[in-house]
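**Student:** No letters, just coordinates:
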C-alpha cells in the first residue's frame, strides 16, 4: 500500500478535491460546497493553507483555511460572510489573528487511518509558523441526526464533549486538541444537524503578544 502524501493544493488537484467534498458531504447543499473555481482562487491566494492528502495522484483527504480576524462572541450571520467579501473574493488576511478552517474531508474508504490528524497537524503548523493566536472552525454535527427527537443541540454537544456520545466530526476535533467555544445556528446549511454547528478553537501554545 502506497504511503499517503500531504501537499498544498495546486490547480491540478482542484477537480479531484471538489469531487471529494461532494462525496463526503452528500447532504450539504451544493452552494455550501467548494467549487473548482473557488479552489483555484485558494491556489492563487494561499495554497499552503489547504492541505490535500494523496493516495498516488488521487485526492483522498482535504483541509482548507484562511487567516482572518475573529470575534468569537460576534460572528457574522453566515460563514460565507466570514470567508468572502461583497465581491465574492476570499477574505484571506495575512495579518489576521486566527487560521479559520472552513472544511475538512476524508474519503470514507480511508477513515480511521490518522489522515485527519495529519491534516490538522499541517494546519496547526500554519498557525505556529505564522505566529497566529489559534485555529478556529465551525464543526458540523453529523451524529446529531440520530438524536434530533431526544436531545437538544446543547445537550448533544455536552454529551460528545463528556465522551458519552461519539460524533464523527466533533469527537475527532476534540481528540486533536480543540475545545468548544459555543454553539452556532444557521451559520451554514447542514440539514442533517438542523443547521447546528459547534464553534471550536485550538489555541497556539507558543503564541506571545
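**Tutor:** Cool, got the structure. Quantities reported herein were computed from a predicted structural model and do not represent experimental measurements.
**Student:** What's opposite the residue nearest the centre of the chain in the beta bridge?
**Tutor:** In the chain, the residue lying closest to the centroid (C-alpha atoms, centre = their mean) is residue 103, at 3.1 Å. Beta-bridge pairing for residue 103 (DSSP bridges): residue 64.
**Student:** got a list of what it touches?
**Tutor:** Applying C-beta atoms under 8 Å, 6 or more residues apart in numbering to residue 103 gives the contacts 21, 34, 62, 63, 64. Where C-beta positions appear, they are placed from N, C-alpha and C, glycine not excepted.
**Student:** Now the first one: closest residue in space, sequence neighbours ignored.
**Tutor:** Nearest-residue entry for residue 21: residue 33, 5.0 Å, with adjacent residues in sequence omitted and distances by C-beta to C-beta, 6 or more residues apart in numbering.
**Student:** Tell me the backbone dihedrals of the one you found, please.
**Tutor:** Main-chain torsions, residue 33, degrees, to the nearest 10: phi -100, psi 150.
**Student:** Can you list the low-confidence ranges for this structure?
**Tutor:** Low-confidence segments of the chain (pLDDT under 70): 1, 209.
**Student:** Name the single longest helix found in it.
**Tutor:** helix 115-129 (DSSP state H).
**Student:** could you say what helices and strands that one packs with?
**Tutor:** strand 5-8, strand 51-55, strand 58-68, strand 98-106, strand 134-140, helix 170-175 (3 or more C-beta pairs under 8 Å, 6 or more residues apart in numbering; DSSP states H and E).
**Student:** quick one on the thing from earlier: what's the neighbour count on the residue nearest to residue 21?
**Tutor:** The number of residues packed near residue 33 is 16, by other C-beta atoms under 10 Å.
**Student:** re the thing from before, tabulate the helices and strands packed on helix 115-129 in a markdown table, adding columns for distance to residue 86.
**Tutor:** As requested, these are exported to a markdown table (distance: least, C-beta to C-beta, whole Å):
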| stretch | distance to residue 86 |
| --- | --- |
| strand 5-8 | 28 |
| strand 51-55 | 29 |
| strand 58-68 | 16 |
| strand 98-106 | 18 |
| strand 134-140 | 21 |
| helix 170-175 | 31 |
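**Student:** what's the closest of the ones you listed to residue 26?
**Tutor:** strand 98-106 (11.4 Å; C-beta to C-beta).
**Student:** looking at it, residue 132 is touching residue 204, isn't it?
**Tutor:** Yes: under the criterion of C-beta atoms under 8 Å, residue 132 makes contact with residue 204 at 6.1 Å.
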